[in-house]
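In: Predicted model follows, preceded by the sequence.
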Amino acid sequence: FTVRCTLKKMQQATKRRCLFGSLCKSNAVLEPPKVAMVGSHTLTVCSVSKLSATLRNGECIYSTHFAVGGSTWYLKFCPRWLQSGILWLVFASKGDEMTPTTAEFSFEFEGLVNLESQKTRHTFDRDNDDFYYHLKYTGTWPTQDDRLVVRCCLVVVTREEVRTTIPTCSTESVLTPLLSAMHR
């Protein structure tokens, strides 16, 4: 089988307004901005019927690893899983060093009209490191040319650590002496 990988990264930062409006001297960032990483990975199997004949029930093929959003991923395809196929998106981890990662993803199938994947949001962690999509078909593979071309579109959303500034308001100079006088 042939594997192609294309990656595209995108960042988005958001700021929130100060709660006290015009009384604040600085526009503080109250919530760290989210950084979204976007990528796609394409897995192509030239002959699903030959692959099915070669593999036993439950055996799978694996794509090369690819990186999106600072995390490593791969696709896993089993053509013979309970009389149909199953496709996994797997979050590759290094032993116990697995930070929970939330991703939104979908699978696009070239030439398969009745097999569609909706966008799914899933949090991957040590105990939950994969997500499967059941390819429901019976008998022969449902394309005329016997090929599987699947593209996994993936968006990984993480929080970027940013120093948060505390707003200094002009009312502080008025209230501070009054509050200090009350506690004397």
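Out: Nice, I can see it. Just so you know, these numbers come straight off a predicted model, no measurement behind them. Residues are numbered from 1 along each chain as shown.

In: Distance of the closest residue to Met98 other than its chain neighbours relative to Val157?
Out: Excluding the flanking residues, the one nearest Met98 by CB to CB, 6 or more residues apart in numbering is Arg126, at 4.4 Å. (C-beta placed from N, C-alpha, C; glycine too.) Applying CB to CB, to the nearest Å, the value for Arg126 to Val157 is 19 Å.

In: Those two: which has the busier surroundings?
Out: Val157 (16 against 13; other CB atoms under 10 Å).

In: That one reaches Arg121, doesn't it?
Out: No. Val157 lies out of contact with Arg121 (CB atoms under 8 Å); the separation is 9.0 Å.

In: Find residues that contact each of those two.
Out: 102-104 (CB atoms under 8 Å, 6 or more residues apart in numbering).

In: what's the next secondary structure element after the one helix or strand Leu87 maps to?
Out: Using DSSP states H and E, Leu87 falls within strand 84-92. Next in sequence after strand 84-92, counting helices and strands by DSSP H and E, comes strand 101-109.

In: Which elements pack onto that following strand?
Out: strand 84-92, strand 120-124, strand 148-159 (3 or more CB pairs under 8 Å, 6 or more residues apart in numbering; DSSP states H and E).

In: how about that strand: buried residues?
Out: Across strand 101-109, burial judged by 16 or more other CB atoms under 10 Å covers 101, 103, 105-107, 109.

In: among those residues, which one has the lowest pLDDT?
Out: The member of the buried residues of strand 101-109 with the lowest pLDDT is Phe109, at 85.

In: Does Thr72 belong to a helix, a strand or coil?
Out: Assigned by DSSP: H, G, I helix; E, B strand; the rest coil, the conformation of Thr72 is strand.

In: how about the nearest residue to it once chain neighbours are set aside, what does it touch?
Out: Counting by CB to CB, 6+ apart, Thr72 lies nearest to Ala92, which is 4.2 Å off, once chain neighbours are set aside. For Ala92, the contacting residues are 65, 71-74, 129, by CB under 8 Å, 6+ apart.
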